[in-house]
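Colleague: below is the sequence, then the predicted model.
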Amino acid sequence: MPKGVKKISDARLFSKLLAYGKKYIFHYIIIFLVMVLAIGASLLTDYLIGDVIDRLNGETPVEMASFARIILIFLGIIIATSILEYFSAIMLQKIGQGVIYNVRGDVFNAIEHYSTSMLKETPAGKLATRVTTDVNTLSEMLVANLPAGVSLSILVE
């Protein structure tokens, strides 16, 4: 770590990161609701598959019209779930790119205000690598890991 740069705790770092996400709170709420709908729809498809298995095992009467209706409902749910997941993926990418854009701007401004002596002491490659990897890690966390964790927590509960 370059001289003159203070190390901060993980909790403080996380609170700073949340400050970047506050601008997108409405988008996160919409994505959360879309995730709940998509998970509910996937559970409904499991119910439909169980119903078909029960009918084929002879536990309930078999009618071709009911099979056709179940198949159409099943396909409709799969199409709706695909659209919802696509919508949430696009929104997540938009949020992630917006947050990363703001983080990169702030990092650039912070580096710009470093003293000349500190910049001379720190190898340019070390500084560039640190900035690039940290920002890419944040981007991956916001776009991939955070939504996956939320989705899994909804499924578990």
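Modeller: Sure thing, it's come through.

Colleague: elements contacting the helix or strand containing residue 65?
Modeller: In this assignment (DSSP states H and E), residue 65 forms part of helix 64-112. Contact here means 3 or more Cβ pairs under 8 Å, 6 or more residues apart in numbering; DSSP states H and E; on that basis helix 64-112 packs against helix 10-21, helix 25-56, helix 124-140. For glycine as for every other residue, the C-beta is placed from the backbone atoms N, C-alpha and C.

Colleague: take these and write them to CSV, including distance to residue 92.
Modeller: Formatted as CSV, the helices and strands packed on helix 64-112 follow (distance: least, Cβ to Cβ, whole Å):
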stretch, distance to residue 92
helix 10-21, 12
helix 25-56, 6
helix 124-140, 11
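
Colleague: how close does the closest residue to residue 94 other than its chain neighbours sit to residue 96?
Modeller: Nearest in space to residue 94, with sequence neighbours left out and distances taken as Cβ to Cβ, 6 or more residues apart in numbering, is residue 27 at 7.4 Å. Distance, residue 27 to residue 96, using Cβ to Cβ, to the nearest Å: 10 Å.

Colleague: now residue 21
Modeller: 10 Å.

Colleague: ok, these two, which is more surrounded?
Modeller: residue 96 (21 against 17; other Cβ atoms under 10 Å).

Colleague: now mean pLDDT and distance to residue 63 too, for the helices and strands packed on helix 64-112, in TSV please.
Modeller: Output for the helices and strands packed on helix 64-112, formatted as TSV (pLDDT from 0 to 100; distance: least, Cβ to Cβ, whole Å):
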stretch	mean pLDDT	distance to residue 63
helix 10-21	75	51
helix 25-56	84	8
helix 124-140	76	50
